[in-house]
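Kindly generate the corresponding structure for this input.
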Amino acid sequence: MVCLCRGVSGRKVERAISHGASTVDEVGDVCQAGTSCGTCRETIHEMLLARVAVRPRPSFA
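Prediction:
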């Protein structure tokens, strides 16, 4: 569970990110994670950074 206040799982956060949420606030808009006490916002931010780090770079070859 990423967000205990709203009962949002890591899977739901990952789904929001994979559907285009690119900021903590956008993730909150999609699935409500991070919109209550805010304790999980750092975890969501780290999940966003991890997703950016594993995105394939475009090939220009």
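
Report the mean confidence score over stretch 14-22.
Stretch 14-22 shows an average pLDDT of 96 in the prediction.

do the same with stretch 46-59
Here the average pLDDT along stretch 46-59 is 79.

quick one, longest helix in the protein?
helix 41-54 (DSSP state H).

contacting residues around it?
Applying C-beta atoms under 8 Å, 6 or more residues apart in numbering, the contact partners of helix 41-54 are 2-3, 10, 13-14, 17-18, 21-24, 27-28, 33-34. All C-beta spots, glycine's among them, are computed from the backbone N, C-alpha and C.

chain center to it, what's the gap?
6 Å (C-alpha atoms, centre = their mean, to the nearest Å).

buried sites along it?
Of all the residues in helix 41-54, those buried under the rule 16 or more other C-beta atoms under 10 Å are Arg41, Thr43, Ile44, Met47, Leu48.

For Ile17, give me its contacts.
Taking C-beta under 8 Å, 6+ apart, we find Ile17 in contact with Val27, Met47, Leu48, Arg51.
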